[in-house]
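Engineer: I'll drop the sequence and a predicted model, then ask my questions.
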Amino acid sequence: DTGVSQNPRHKITKRGQNVTFRCDPISEHNRLYWYRQTLGQGPEFLTYFQNEAQLEKSRLLSDRFSAERPKGSFSTLEIQRTEQGDSAMYLCASSLEVQTVAKNIQYFGAGTRLSVL
Amino acid sequence: ILNVEQSPQSLHVQEGDSTNFTCSFPSSNFYALHWYRWETAKSPEALFVMTLNGDEKKKGRISATLNTKEGYSYLYIKGSQPEDSATYLCAFPNTGNQFYFGTGTSLTVIP
């Protein structure tokens, strides 16, 4: 399967712990996005990479969240000192730069569901 | 933060019925409008990327129209089947890079 892969699929943690999620995009895709989705809401944009450069970051993203894409391939999203409000589905998507970002189809992974107890 | 609204929030239809739902978005600074289908326990899947006012796109029994001047898009499903049951999301990119999703329309097709 050459789709977008996310690990782990589920993560349960205690409040105050740090967690890290991984996203492996489709291999030739140079653009990578992270989203968060809570119950009853649509996916909320968190951040966007073009190759290894983090070009956009939501103002809603607290300092406890950090994302990296060190070699322009896989990406990690780390949440430090987790809070119960961080419980959500974290989605990763990738796209190929063929035209402007707005027109690029995004291919999503199945997400990582985080539960903070 | 942009306001992207979808209606209705949920919909139950009988197999064979046709249905439609709406995505409303800001009519200024339009770049594109995306539709995605998200089945339970699967990844969201792209249906359409619409870029021009008056666009109409079709994929099997599903079609979509776009009105950028008034800021809405309709998604139509003709002859709904149980496998069409999913949440349908629209997404509106601002300045091209940040995508704002609606809350989705949850469709259940009853056999």
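Structural biologist: Received it, and whenever you're ready, just let me know what you need.

Engineer: residues in chain B within reach of chain A, list them.
Structural biologist: B:1, B:4, B:6, B:31-32, B:34, B:36, B:41-46, B:49, B:51, B:89, B:91, B:93, B:96-104 (Cβ under 8 Å from any Cβ of the partner chain). C-beta here means a position set from N, CA and C on the backbone, and glycine is covered the same way.

Engineer: again, only using 7 Å
Structural biologist: With Cβ under 7 Å from any Cβ of the partner chain as the criterion, chain B meets chain A at residues B:31-32, B:42-44, B:46, B:49, B:51, B:89, B:93, B:96-104.

Engineer: mind listing the strands the helix-or-strand element of chain A with minimal mean pLDDT pairs with, and their directions?
Structural biologist: Counting by mean pLDDT, DSSP states H and E, chain A has its least confident helix or strand at strand A:53-57, which shows a mean of 89. Looking at strand A:53-57 with DSSP bridges, its partner strands are strand A:44-50 (antiparallel).

Engineer: tell me where chain A has strands.
Structural biologist: A:5-7, A:10-13, A:19-24, A:31-37, A:44-50, A:53-57, A:65-68, A:75-79, A:88-95, A:107-108, A:112-116 (DSSP state E).

Engineer: let's have those in CSV, adding mean neighbour count.
Structural biologist: Converted to CSV, the strands of chain A look like this (neighbours: other Cβ atoms under 10 Å in any protein chain shown):
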stretch, mean neighbour count
strand A:5-7, 17
strand A:10-13, 14
strand A:19-24, 19
strand A:31-37, 24
strand A:44-50, 21
strand A:53-57, 14
strand A:65-68, 17
strand A:75-79, 19
strand A:88-95, 24
strand A:107-108, 21
strand A:112-116, 18
